[in-house]
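Asks: generate a structure from the sequence data that follows.
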Amino acid sequence: MTTQKKIYNRQFWVLCASSLLFFASFNMLIPELPAYLTSLGGPEYKGLIISLFTVTAMVSRPFSGKMADKVGRVPVIIVGSMVCFFSSLMYPAISTVFGFLLLRLVHGFSTGFTPTGLSAYLSDIIPANRRGEAMGILGTAGTVGMAAGPAIGGVVANNFGLDAMFYTSSGFAISSILIVMGAKETLVERKGFTTEVFKIHKRDLLEPRVLVACIVMLLIAYSYGTVFTVIPDLGEYTGIRNKGLLFTYLTISSLLIRLVSGRASDYYGRRKILIFSTAITTIAMTLVALADTRLMLIAGISLYGVAHGMNSPTLLAWAVDLSDEKNKGRGIASLYIFMEMGIGIGAFASGLIYANDPSRFMITFLTCASLSVLAFAYLIIHWLRRRPVTYT
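Replies: Model prediction:
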């Protein structure tokens, strides 16, 4: 058995540090963007804040997956962080709704690249029987960034203004680049950067081996898009004035469970953990749908954080398990494509369903609960078929 010391070496912790800074960079903006868009004169476009971001993240996944498998893991990580760096710098220069929405599209390319590169890199340096645990630790680092980001962004915005918050976000992004530049490339057969990377074929769009994990991801990611779009308004409706506070509850509860859930998926199997976590997602979204007090909303969003913290590392580890050894980047990118699709659809559809009408909070989140039930049923059916899948 490989020792923990040998598994979690300097390369691994460099990945974790870069992930923390990257996720803090763009997440510190999210709680303030709805009000910022409203100040520009576009409150009816709140649903596009997340959905536009996820559209380009999804579109860029085939490129990032192919680039990770052909050019290298580190270049993919750096490209995404560079996009994050320049996008954050541009927000203060935007003065129109159209310009804001266009920049959200560009900013989305960042998450289309960096997470793919980070996960592919990790899959190269961690043995399969510790993969869930390692994904949990890497996810924990990202979750710390997601938890700290909104809090830092809120403090900076309230004391120094929105422009200072955007520049702080940019500083975090460049820091994530500087840290990872010292990491040793792990892709053995590198073909160099050529125009071939931009030629996407059908086989680059989806790794068939990971389809089952992708379907589950699509169904449960809808809730994530809905939460990030509608929760700030629901929080204000129930009397929570600090818009970033609910996201902090979500990310902290997700943080606390990731290490345990990742290790559990290595021991008990990916599907069993996902069956449990999709059930928790259903309960959490139902609680949020029924929430009419601050305490009930906090309980619901915290429980959702637990479910999310179990889902993410388990699905990532499962996607790598199912992928062909030479196409791990494609397999990870496929999972992220379905994730972005689910988040984007969730953000856009929830914006339409909610329509700035507080009486529609319940139907908005019960829709999330219904899709989680579908994910749960799909996993049960797949499990009963007892297909011979590695680490499942």
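Asks: what's near enough to touch residue 50?
Replies: 30, 225, 228-229, 343-344, 347 (CB atoms under 8 Å, 6 or more residues apart in numbering). (Glycine included, C-beta is placed from N, CA and C.)
Asks: just those residues now: which is nearest residue 269?
Replies: residue 343 (26.0 Å; CB to CB).
Asks: distance of that closest one from residue 25?
Replies: Between residue 343 and residue 25 the distance is 18 Å, computed by CB to CB, to the nearest Å.
Asks: do the same with residue 276
Replies: The value you get for residue 276 to residue 25, if CB to CB is used, is 32 Å.
Asks: quick one: which of those two has more around it?
Replies: residue 25 (29 against 18; other CB atoms under 10 Å).
Asks: OK, contacts around that one?
Replies: 81, 84-85, 88, 145, 149, 169-170, 172-173, 176.
Asks: which of those residues fall in helices?
Replies: 81, 84-85, 88, 145, 149, 169-170, 172-173, 176 (DSSP state H).
Asks: in a markdown table: those, plus pLDDT and distance to residue 263.
Replies: Below are the ones in helices among the contacts of residue 25 laid out as a markdown table (pLDDT from 0 to 100; distance: CB to CB, whole Å):
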| residue | pLDDT | distance to residue 263 |
| --- | --- | --- |
| 81 | 94 | 29 |
| 84 | 94 | 30 |
| 85 | 95 | 34 |
| 88 | 92 | 35 |
| 145 | 88 | 21 |
| 149 | 87 | 26 |
| 169 | 94 | 33 |
| 170 | 95 | 36 |
| 172 | 96 | 29 |
| 173 | 95 | 31 |
| 176 | 95 | 26 |
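Asks: can you redo these as JSON lines with distance to residue 270?
Replies: Shown next, in JSON lines, are these (distance: CB to CB, whole Å):
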{"residue": "81", "distance to residue 270": "29"}
{"residue": "84", "distance to residue 270": "30"}
{"residue": "85", "distance to residue 270": "35"}
{"residue": "88", "distance to residue 270": "35"}
{"residue": "145", "distance to residue 270": "25"}
{"residue": "149", "distance to residue 270": "28"}
{"residue": "169", "distance to residue 270": "34"}
{"residue": "170", "distance to residue 270": "37"}
{"residue": "172", "distance to residue 270": "32"}
{"residue": "173", "distance to residue 270": "32"}
{"residue": "176", "distance to residue 270": "29"}
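Asks: no further queries at this time; thank you.
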